[in-house]
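**Q** pasted the sequence and its predicted model underneath.
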Amino acid sequence: MPTVLAILPEGFEELEAVAPIDLLRRAGAEVTVAALGETIHVTGRNALTMHADTTLTAVGERLFDMLFLPGGPGVARLRADPRVRAAVLRHHAADRWLAAICAAPAVLHDAGLLTGRRYTAHFSVAGELTAILADERTVADGRLLTSRGAGTSVDFGLLLVEKLVSPEKAGEVARSICA
């Protein structure tokens, strides 16, 4: 069973987190939702509070098949936390999948992983991420998967399933949710 680590900071974009997590779990992936803070309750930008499985501190340096970062105002917290950068670099060095949506590709940029790569992101970070493929809803470049924002969350979740599990499973999950 493929494993995924989803890191949730305070202020995460709920739709960008929940849709991919839901679709990955429907596909049989074992998704561990880790709160960036020290409690397992994390409140998103729209005041929805999620009950994470654990904290990033408790996860430690464990490797997963995929590291997933949602966007939203909480991306500033992801960027400011050295544990997140370390996790990104550790997963990259181990040739694991890196998935980021909305403003979260900025975390990958900070880690030096976007140079010469194809990616997309939310227009709010276009000043920093000058090579955004603005017309693409999702972009896959090797093991780097990116998406634009809340409106592309289901497409992105299905891309994650396609790459992590299989195209057939992604099609099956898409049919089951009428996508």
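**A** Good, I have the coordinates. Numbering: from 1, shown residues only.

**Q** in this protein, which spans are strands?
**A** Under the criterion DSSP state E, strands of the chain are mapped to 3-8, 30-35, 41-43, 49-51, 54-55, 66-69, 97-101, 138-141, 144-147.

**Q** what is the second one packed up against?
**A** Of the remaining helices and strands, those touching strand 30-35 by 3 or more C-beta pairs under 8 Å, 6 or more residues apart in numbering; DSSP states H and E are strand 3-8, helix 14-26, strand 54-55, helix 56-59. C-beta coordinates here come from the backbone N, C-alpha and C atoms, glycine included.

**Q** could you do the last one as well?
**A** On a contact count with 3+ C-beta pairs under 8 Å, 6+ apart, strand 144-147 meets strand 97-101, helix 105-110, strand 138-141, helix 153-164.

**Q** repeat that for 7 Å
**A** Here strand 144-147 touches strand 97-101, helix 153-164, going by 3 or more C-beta pairs under 7 Å, 6 or more residues apart in numbering; DSSP states H and E.

**Q** about what we covered before: reformat the strands of the chain as TSV; add distance to Gly157.
**A** Shown next, in TSV, are the strands of the chain (distance: least, C-beta to C-beta, whole Å):
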stretch	distance to Gly157
strand 3-8	11
strand 30-35	11
strand 41-43	19
strand 49-51	16
strand 54-55	21
strand 66-69	10
strand 97-101	9
strand 138-141	10
strand 144-147	9
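
**Q** pipe those strands into CSV and attach distance to Glu14 and mean pLDDT per row.
**A** CSV is the format used below for these (distance: least, C-beta to C-beta, whole Å; pLDDT from 0 to 100):
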stretch, distance to Glu14, mean pLDDT
strand 3-8, 10, 98
strand 30-35, 12, 98
strand 41-43, 9, 98
strand 49-51, 8, 97
strand 54-55, 19, 98
strand 66-69, 14, 98
strand 97-101, 12, 98
strand 138-141, 19, 98
strand 144-147, 15, 98
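
**Q** tell me how many other residues surround Val173.
**A** 23 (other C-beta atoms under 10 Å).

**Q** out of the helices and strands packed on strand 144-147, which gets nearest to Pro2?
**A** Proximity to Pro2 (C-beta to C-beta) singles out helix 153-164 among the helices and strands packed on strand 144-147, at 4.9 Å.

**Q** that's all I had, so thanks and see you.
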